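# from the sequence below, what's the structure:
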Amino acid sequence: MKCILYISDRNSGHPIPGELTEKQDYEFIYSNSASDLRGLLLKNKPDLLIWAKKNPIPSELLDENPELLKLPILTITKAKIKTQKSFHIKHHFLPPTVSDQKLMRKIDFLTNAKSDNFKIIKNFEKSAVPDIEALKSYMEIKGELINLDKHTILFRENRHSSFIYLIKQGLVKTSRMDQLGKELITGVYRKNDLLGLYGFHKNPVATEMATTLEPSEFYRILHTEFREILQKNQELSLDLAQYLTDTVLALKSQLLEMAYASVLKKTSNTILQFKDELQNPEFKGLNISRTDLASMAGISTESFIRSLSSLKKEGIIAIKGKKINILKPDKLQEIL
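Okay, here's the model as predicted:
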């Protein structure tokens, strides 16, 4: 019998389908508090942790409960899933409005994925990839692992897009060139991000160039294999469509800000894209130049550097060499 530990807020209810709870091969253990998590983990040795509290899992729980690094986790959250930070490759996210059928499939998938080295079932089939997180897991098992040095081109603009990439480790920028040869940064991608989604027909073309900003590792699968997976998994297609829709909406908001926001606001928004890294005391500094950051903000390098100096004088950020520390994230967010 598989054991599922379910942590939720008091009186929030448990959005678990009755059909699932009636299955004889599942045992649910409920708790409204994370304070006794250590004891529950040691006593029950669960196959899955479901976290359905309003606030995300506190990072200090990892220090207190190292078992979480080897335990599949499903977070049910109202926050935008793209903004959530995974603890490991078997930490998945779902909204509270998810259908009972999809929730059951996700629980089945995660409870079958547990192992000491966190590799899912070796005979992972193309027909068993119901969502983007499962696609990433598939790529980690079936994909080719490649390593690239800093400032290496992963793929070029206007070239055939042969692969879909998953970043295992590193930092990558995508960019386009205007008619005058000036580079425009279109995005910066980190660990666990997908690259190469430039169409679903037989011969997709990359609309931008991707370059590593630090030594990086990638999993990749052929685009033909990706199309085959899509054809066998209708729900993955829907999940991917929603992912791309969210990406387009975010880009539209970014374009509006680049057109109408103040220089200081553009600078603060660019810094906030690296909020998680910059607030880590062990972070060694951004491996991205001020010129690239200015390009992301849509302003000149000189204007970007002046804005940084202004934010530093106000005590909102601290600067030492390449390292930028956010001292007052709320103030940075409030800049108009």
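
# would you map the helices across the stretch 1-150 of the chain?
18-21, 37-44, 60-64, 100-111, 132-142 (DSSP state H, counting those that start in this stretch).

# lowest average confidence across those helices, which one?
For these, the weakest mean pLDDT is recorded on helix 18-21, namely a mean of 54.

# about what we covered before: columns mean neighbour count on top of the helices of the stretch 1-150 of the chain, output as a markdown table?
From N, CA and C alone the C-beta is placed, and that goes for glycine too. Output for the helices of the stretch 1-150 of the chain, formatted as a markdown table (neighbours: other Cβ atoms under 10 Å):
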| stretch | mean neighbour count |
| --- | --- |
| helix 18-21 | 11 |
| helix 37-44 | 14 |
| helix 60-64 | 12 |
| helix 100-111 | 19 |
| helix 132-142 | 20 |
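
# how about those, which one is nearest Ile324?
Nearest to Ile324 among the helices of the stretch 1-150 of the chain is helix 60-64 (24.7 Å), distances taken as Cβ to Cβ.

# for that closest one, packing partners?
helix 37-44 (3 or more Cβ pairs under 8 Å, 6 or more residues apart in numbering; DSSP states H and E).

# go with 6 Å
Judged by 3 or more Cβ pairs under 6 Å, 6 or more residues apart in numbering; DSSP states H and E, helix 60-64 is in contact with no other helix or strand.

# what about the strands in the stretch 201-336 of the chain?
Assigned by DSSP state E, counting those that start in this stretch, the strands in the stretch 201-336 of the chain fall at 209-212, 216-222, 317-320, 323-326.

# which of these sits most buried?
Most buried of those by mean neighbour count (mean count of other Cβ atoms under 10 Å) is strand 209-212; its value is a mean of 21.

# which residues does that one contact?
Contacting residues not belonging to strand 209-212 are listed as 148, 150, 152-157, 172-175, 195 [Cβ atoms under 6 Å, 6 or more residues apart in numbering].

# reformat the strands of the stretch 201-336 of the chain as JSON lines; add distance to Leu332 and mean pLDDT.
JSON lines is the format used below for those (distance: least, Cβ to Cβ, whole Å; pLDDT from 0 to 100):
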{"stretch": "strand 209-212", "distance to Leu332": "27", "mean pLDDT": "94"}
{"stretch": "strand 216-222", "distance to Leu332": "28", "mean pLDDT": "94"}
{"stretch": "strand 317-320", "distance to Leu332": "7", "mean pLDDT": "82"}
{"stretch": "strand 323-326", "distance to Leu332": "6", "mean pLDDT": "79"}
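
# which of these sits closest to Ile7?
Nearest of the strands of the stretch 201-336 of the chain to Ile7, taken as Cβ to Cβ: strand 323-326 at 29.5 Å.

# strand partners of that closest one, parallel vs antiparallel please.
Strand pairing for strand 323-326, determined by DSSP bridges: strand 317-320 (antiparallel).

# and the contacts of strand 209-212, which two are furthest apart?
Most distant of the contacts of strand 209-212, by Cβ to Cβ, are Lys150 and Glu157, 20.0 Å apart.

# circling back to that earlier point, pull out the buried members of the contacts of strand 209-212.
148, 154-155, 172-175, 195 (16 or more other Cβ atoms under 10 Å).

# so, low pLDDT: which residues of this structure?
The chain contains residues with pLDDT under 70 at 10-24, 80-84, 89, 113-125, 276-287.

# so what are the domain limits for it?
Following automatic domain parsing, the chain resolves into domains at 2-118, 142-258, 261-334.

# in CSV: those domains, plus distance to Glu133.
Shown next, in CSV, are those (distance: least, Cβ to Cβ, whole Å):
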stretch, distance to Glu133
domain 2-118, 5
domain 142-258, 9
domain 261-334, 19
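
# out of those domains, nearest to Val129?
Between Val129 and these, the tightest spacing by Cβ to Cβ is seen for domain 142-258, at 4.9 Å.

# tell me how far the closest one lies from the chain's centre.
Distance of domain 142-258 from the chain centroid (Cα atoms, centre = their mean, to the nearest Å) equals 13 Å.

# can you give me the end-to-end span of it?
With Cα to Cα, to the nearest Å as the measure, domain 142-258 spans 40 Å from end to end.

# residues contacting Ile4?
With Cβ under 6 Å, 6+ apart, Ile4 has these contacts: 28, 48.

# let's see 8 Å
For Ile4, the contact set (Cβ atoms under 8 Å, 6 or more residues apart in numbering) comprises 26-29, 46-50, 107, 111.

# make a ChimeraX selection of the buried ones in those.
ChimeraX command restricting the contacts of Ile4 to the buried ones, with burial defined by 16+ other Cβ under 10 Å:
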select :26,28,46,47,48,49,50,107,111
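
# tabulate the contacts of Ile4 (a markdown table), appending distance to Asp330.
Putting those into a markdown table (distance: Cβ to Cβ, whole Å) gives the following:
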| residue | distance to Asp330 |
| --- | --- |
| Tyr26 | 42 |
| Glu27 | 43 |
| Phe28 | 38 |
| Ile29 | 37 |
| Pro46 | 36 |
| Asp47 | 39 |
| Leu48 | 35 |
| Leu49 | 31 |
| Ile50 | 31 |
| Ile107 | 37 |
| Thr111 | 39 |
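
# alright, calling it a day.
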